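Trainee: Please work out how this folds:
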Amino acid sequence: MTVQFNYKDMLARAEQITWRVEDLIGGDKTLDFSKPFLPESLARVSSLSFLSDAEKLVLNQIRGHGYLYTFGLVEEFILPFVMEHAEAQLKDGDDYRIRALLQFASEEAKHIHLFKCFREEFIAGFGSDCDVIGPPEAIAEAVLKHDPLAVSFAILGIEWMTQAHYTESIRDNADLDPQFKSLLKHHWMEEMQHAQLDTLMTEALAETKNADERARAADEYLEIGAFLDGGLAQQTEFDLAAFERKTGRILSKEDRAEFITTQHQAMRWTFLGSGLTHPQVAATLEKVTPEGASKIAAVAPAFC
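Mentor: Okay, here's the model as predicted:
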């Protein structure tokens with residue numbers, strides 16, 4: 001199994017990116033709460049006709065908060081996974097691979113720090129609490145109990161979908177808050193290498209397994225997705241509570257049901273569907289386990 005990526009080139013690109021958390025947030029680098037944070041393709045607030053424009057903006061910002069929090073949360077299990085994978089490679093003699101994986105881990109730790117700082121800035125500026133799922137360590141434990149190849153599939157989807165989100169709907173969107181866009185841009189700059197590294201990690205793990213084991217790993221990938229989907233459903237409830245708390249408006253039973261349905265599906269697309277359907281993810285799955293790829297392709301539309 002071979003791909004066009006290599007550790008030496010990825011390491012060289014990574015070492016050219018030198019931003020620090022302190023460069024991106026704090027001081028005069030503040031969020032503009034007069035602007036949306038997420039593109040409509042991810043937030044999906046416009047169809048909620050029972051909300052005013054001002055209320056849609058509030059909900060968009062709540063979703064923006066959840067977007068970065070959730071990426072920080074998943075990086076809490078990506079970090080130990082990459083560290084374990086790097087440790088397993090210490091004796092293989094490929095210095096570029098080891099250095100690239102350690103760089104990967106260091107950058108994920110930086111992202112976790114960045115998103116924690118963002119959460120503090122958001123709550124201070126938003127003026128109202130937004131509850132979140134967790135704790136991160138419990139979610140990480142639940143994910144990491146699965147077969148390493150299944151976890152690698154899940155990480156592969158996460159890494160590639162961040163690329164698609166930024167390039168397809170954020171980078172050229174002039175309506176979004178520039179500070180929020182800056183955080184996403186710098187995150188994307190490093191995730192570009194991470195997506196490629198995880199492709200190589202996934203293929204290396206697959207080479208240690210037979211066809212049946214690879215297919216079972218794909219099944220476990222779907223189990224991880226179902227587990228995370230349960231968390232997204234809970235986060236939708238939290239977002240509704242945060243919206244009502246911030247606006248002082250209690251939605252009717254019918255409006256609450258539409259809110260939950262629409263926003264849960266928006267989160268499903270954002271954090272699951274956009275990864276399950278990404279061409280690079282599909283290509284890797286097809287290469288590793290055609291049987292598993294077919295199952296995942298059949299399930300993916302439910303998350304779009």
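Trainee: can we go C-alpha only for contacts and neighbour counts from here?
Mentor: Will do.
Trainee: hey, where'd the helices end up in this protein?
Mentor: Counting by DSSP state H, the chain has helices at residues 7-15, 21-24, 40-43, 53-88, 95-126, 136-144, 148-165, 178-206, 211-247, 253-268, 274-276, 279-288, 290-299.
Trainee: From residue 44, how far out is the closest residue to residue 237 other than its chain neighbours?
Mentor: In space, and not counting its chain neighbours, residue 237 is closest to residue 260: 7.0 Å by C-alpha to C-alpha, 6 or more residues apart in numbering. Distance of residue 260 to residue 44, given as C-alpha to C-alpha, to the nearest Å: 12 Å.
Trainee: Repeat that for residue 96.
Mentor: Distance from residue 96 to residue 44, by C-alpha to C-alpha: 42 Å.
Trainee: what's the spacing between the closest residue to residue 280 other than its chain neighbours and residue 118?
Mentor: Distances taken as C-alpha to C-alpha, 6+ apart place residue 160 nearest to residue 280, at 7.3 Å, with adjacent residues excluded. Separation of residue 160 from residue 118 (C-alpha to C-alpha): 22 Å.
Trainee: ditto for residue 289
Mentor: 38 Å.
Trainee: Could you do residue 230 as well?
Mentor: On the measure of C-alpha to C-alpha, residue 230 and residue 118 end up 25 Å apart.
Trainee: Comparing these two, which residue is more hemmed in?
Mentor: Between residue 230 and residue 118, residue 118 has the larger neighbour count (other C-alpha atoms under 10 Å), namely 23 against 14.
Trainee: thinking again about what came up before, what number of residues are in the vicinity of the residue nearest to residue 280?
Mentor: Neighbours around residue 160, by other C-alpha under 10 Å: 25.
Trainee: Surely it touches residue 277?
Mentor: No - between residue 160 and residue 277 no contact is recorded; they are 10.0 Å apart, counting by C-alpha atoms under 8 Å.
Trainee: list the residues that contact both of those two?
Mentor: With contacts taken as C-alpha atoms under 8 Å, 6 or more residues apart in numbering, not a single residue reaches both residue 160 and residue 277.
Trainee: sorry, back to before: hmm, the residue nearest to residue 237 is touching residue 238, no?
Mentor: No - between residue 260 and residue 238 there is no contact under C-alpha under 8 Å: 10.2 Å.
Trainee: Buried ones in stretch 246-255, by neighbour count?
Mentor: Buried residues in stretch 246-255, counted by 16 or more other C-alpha atoms under 10 Å: residue 246.
Trainee: Could you work out the end-to-end span of that stretch for me?
Mentor: One end of stretch 246-255 sits 17 Å from the other (C-alpha to C-alpha).
Trainee: Please consider this matter closed, and thank you.
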